[in-house]
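[1] please work out how this folds:
(one chain, ligands or ions: 1)
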Amino acid sequence: MKESTMEMLEKYGQTHLLEYYNVLDDQARKSMDYQLAKLDWHLLDLLEHPEERQKRGEIAPIGALSIEEIREHASEYTQEGLAAIRAGKVGALLLAGGQGTRLGCQGPKGVYNIGETHELYIFELLFKNTLDVVRQAGDWIPFFIMTSDRNHNETVLFLNEHHFFGYNPDYVFFFKQEMAPAVDFNHKLLMEKPDRLALSPNGNGDWFSSFAHAGLLERAKKMGIEWLNAFAVDNVLQRIADPCFIGAVIRNGCVSGAKVVRKADPEERVGALCLEDGKPSIIEYYEMTHEMNYAKGEDGKYLYSYGVILNYLFRLDRLEAIADAYLPIHMVEKKIPYIDPDGICHSPETPNGYKIETLILDMVHLMDNCLAYEVEREREFAPVKNKEGIDSVETARELLKKNGVEL
Ligand code: UTP
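    Next up, the predicted model:
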C-alpha cells in the first residue's frame, strides 16, 4: 500500500479498513489498494465539517409560470419546443441509477411491472410517453440513460429483450454513474467483504460528470444538442421532452427550467423551488420552518408552494460552465450490508449508516435562473417510491387509471 494512502487512512481515522489487509491474497490486496486510491477524501472532509454542508443563503419565494399562463401561450410554446426538437437540439436524460430501496426492488426500478391484468413496466411507460413526442415532432429524440454498477447489466438486458418498447435503439445511449463509500453512524467507512468497501451509487447529482466521462458530452455536442431534459425513473405520468415546457423555457429566456406542482398541503414532503441569495434554489422539506410553510402572499396563496417533481431542463453550455463546481453532500440513512471485525456479514433490518450522495436539485442553484413551470399534479405526477401508502404503487396505479392508462 502506498504511504500516502496509509497517511490518509490515519488522518481520517479509517485504519479499521485494514483489519483484513494482512490476510488477503495478492490479488485481493491489489483490489483494496485500487479502491482506496480511488476514494474521494474530500467527502470525508465534508463529513467531519457538517457546517460546510449546511450553509444556506437568504431564502425568498420564487414566482412560477402558472397553469393558466401556460395555457394562454401553449400553442406558441409548443411550436417553439417542437422546432428545437426537430432541429435536434433536445436530449432526454433518464436518471436510473438509484436502488429503489423503499420500493424494495432488487434490480432496476424501471423493470417493475405496474400492470394489473397485463404486463406494463415502468420503463415501458417512460418510453411510450417519449414516443408521443417523437410522433408529434416527427423526429427521434436522443435518449440517455444513467445506470449504476448495481443495475447496469440488468437494465441493458431488459431493454434489449423488450426492444426498447418501440424506441429506436440507435437513439438510446447508456452511461454509468460513480459509486461512493457508505459510512456507519460514527462516520467509519463500511466494508462489504474483506477486500471490498461498501459502495453505493453516489446520488443523482453527479450525472453530468458521468455523462461527460462516458464521452457523451462530446457526442451530444456533435449531434447539436443544446438542451437536456433530466428526469427520474419513478414518475410514471411525467411528460418527457415536453415541447410546451421546452418552448416556455426558451421563450422566457431562461437557462434552466423545473416542472413544479402546487404542494398538496403546506407540509408536504417535497423540495420547494425558491430563491436563495437571488438565485434559484431548492429547499428540502426538512429545512423549511413552520413560518415558511404557512407564509402567504398578498393573493392569499402559500409562498413556498411549488414542489419540484424531478423533471428539469438544462441548457448544455450552462451545465458545462458549472461542471467543476462541488455540490453539497447529503447523508441519507440506509440499511447497508456490511462485514464486522469478526468477518461476519450482516444485512441489517434497520438503517445502520449513511449513503453519501450529491443531488441534482443542488445543480439548480448553480444556474443563473430557472423557470418554475407549473403542471397539474393529477396529470403529471405519479411517483412510485414506496410499496404502499403515499407515493406508492397503489397511488400511481390510481393516477394512471384516471389518465386513461389501462392496467
Ligand atoms: P430516489 O431519491 O427516489 O432514490 O431517486 P432511489 O435510490 O431510486 O430510491 P430509494 O431512496 O432507495 O428508495 C430519484 C431518482 O434519482 C435516481 C433514481 O433512479 C430516481 O430516478 N438516482 C438516485 C440515480 O440515478 N442515482 C442515485 O444514486 C440515486
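
[2] list the buried residues of stretch 301-314.
    Neighbour counts over stretch 301-314 (16 or more other C-beta atoms under 10 Å) mark 302-314 as buried. Glycine gets a C-beta too; all of them are placed from N, C-alpha and C.

[3] what's the most distant pair in these?
    Within the buried residues of stretch 301-314, 302 and 314 form the most distant pair, 27.0 Å apart (C-beta to C-beta).

[4] quick one: buried residues of stretch 103-115?
    Of the residues in stretch 103-115, those buried (16+ other C-beta under 10 Å) are 103, 105, 107, 108, 109, 110, 111, 112, 114, 115.

[5] and these near the ligand, which?
    Among these, the ones lying near the ligand by C-beta under 6 Å from any ligand atom are 103, 109.

[6] pLDDT-wise, what's the bottom of the buried residues of stretch 103-115?
    Lowest pLDDT within the buried residues of stretch 103-115 is found at residue 105 (80).

[7] show me what contacts the spatially closest residue to that residue that is not a sequence neighbour?
    The spatial neighbour of residue 105 that comes closest, neighbours along the chain excluded (C-beta to C-beta, 6 or more residues apart in numbering), is residue 112 at 5.8 Å. Taking C-beta atoms under 8 Å, 6 or more residues apart in numbering, we find residue 112 in contact with 100, 103, 105, 121, 122, 384, 393.

[8] how many other residues sit next to the last one?
    It stands for residue 393. 18 (other C-beta atoms under 10 Å).

[9] same check, this time on the one 5 residues further on
    Counted with other C-beta under 10 Å, the burial measure for residue 398 works out to 14 neighbours.

[10] for residue 293, see how far away the residue nearest to residue 105 is.
    Separation of residue 112 from residue 293 (C-beta to C-beta, to the nearest Å): 32 Å.

[11] return the residues of the stretch 201-350 of the chain in contact with the ligand.
    So the stretch 201-350 of the chain meets the ligand at 201, 202, 203, 204, 232, 233, 234, 310 (C-beta under 6 Å from any ligand atom).

[12] need the per-residue pLDDT for the second one.
    Turning to residue 202, the model gives it a pLDDT of 92.

[13] burial of it, as a residue count?
    By other C-beta under 10 Å, neighbour count at residue 202 equals 23.

[14] check the first one too.
    Neighbour count for residue 201, taken as other C-beta under 10 Å: 22.

[15] rewinding a little: filter the residues of the stretch 201-350 of the chain next to the ligand down to the ones in helices?
    Using DSSP state H, no member of these sits in helices.

[16] residue 227 and residue 315 touch, don't they?
    Yes. Under the criterion of C-beta atoms under 8 Å, residue 227 makes contact with residue 315 at 5.9 Å.

[17] looking only at neighbour counts, state which of these two leads.
    Neighbour count, other C-beta under 10 Å: between residue 227 and residue 315, residue 227 has more, with 25 against 20.

[18] quickly list what that one is bridged to.
    Beta bridges link residue 227 to residue 90, residue 315, judged by DSSP bridges.

[19] report pLDDT for it.
    98.

[20] roughly how far does it sit from the ligand?
    As for residue 227, its distance to the ligand is 19 Å (criterion: C-beta to the nearest ligand atom, to the nearest Å).

[21] in this structure, what residue is nearest the ligand?
    Relative to the ligand, the nearest point of the chain is residue 98 (2.3 Å; C-beta to the nearest ligand atom).

[22] is that residue part of a helix or strand, or is it coil?
    coil (DSSP: H, G, I helix; E, B strand; the rest coil).

[23] what does residue 186 give?
    The assignment at residue 186 comes out as coil when based on three-state DSSP.

[24] neighbours of it, just the number please.
    Residue 186 has 7 nearby residues by other C-beta under 10 Å.

[25] buried stuff in stretch 227-239?
    So for stretch 227-239, counting by 16+ other C-beta under 10 Å, buried means 227-239.

[26] from those residues, which is closest to residue 267?
    Among the buried residues of stretch 227-239, residue 235 lies closest to residue 267 (C-beta to C-beta), at 21.0 Å.

[27] name the nearest residue to the closest one, sequence neighbours excluded.
    residue 383 (4.8 Å).

[28] got a list of what residue 213 touches?
    Contacts of residue 213 (C-beta under 8 Å, 6+ apart): residue 175.

[29] what packs against the longest helix along the chain?
    Taking DSSP H as the criterion, the chain has its longest helix at helix 67-86. Under the contact definition 3 or more C-beta pairs under 8 Å, 6 or more residues apart in numbering; DSSP states H and E, helix 67-86 sits against helix 122-137, helix 243-251, strand 371-374.

[30] between that helix and helix 122-137, how many degrees?
    Between helix 67-86 and helix 122-137, the angle comes out at 80 degrees (axes from the mean of the first three to the mean of the last three C-alpha atoms, to 10 degrees).

[31] so after the helix or strand of the chain with the lowest mean pLDDT, what's the next helix or strand?
    Lowest on mean pLDDT, DSSP states H and E among the helices and strands of the chain sits helix 50-54, with a mean of 61. Next helix or strand after helix 50-54 toward the C-terminus (DSSP states H and E): strand 59-60.

[32] now do that next one: which elements does it pack against?
    For strand 59-60, the packing partners by 3+ C-beta pairs under 8 Å, 6+ apart come out as strand 272-276.

[33] just how off-centre is the strand it packs on within its chain?
    Averaging C-alpha positions (C-alpha atoms, centre = their mean, to the nearest Å) puts strand 272-276 18 Å from its chain's average.

[34] same check, this time on stretch 97-112
    13 Å.

[35] how long is it end to end?
    14 Å (C-alpha to C-alpha, to the nearest Å).

[36] over to stretch 400-407?
    With C-alpha to C-alpha applied, stretch 400-407 spans 8 Å between its terminal residues.

[37] quick one: buried residues of it?
    Quick answer for stretch 400-407 (16+ other C-beta under 10 Å): 400, 405.

[38] in stretch 192-211, what counts as buried?
    Those would be 192, 195, 197-211, for stretch 192-211 by 16+ other C-beta under 10 Å.

[39] now, the residues you listed that are in strands?
    Judged by DSSP state E, the buried residues of stretch 192-211 include 192, 197, 199, 200, 201 as members of strands.

[40] my guess is the first one meets residue 340, correct?
    No. Using C-beta under 8 Å as the test, residue 192 is too far from residue 340 to be in contact (11.6 Å).

[41] with that, I have no additional questions.
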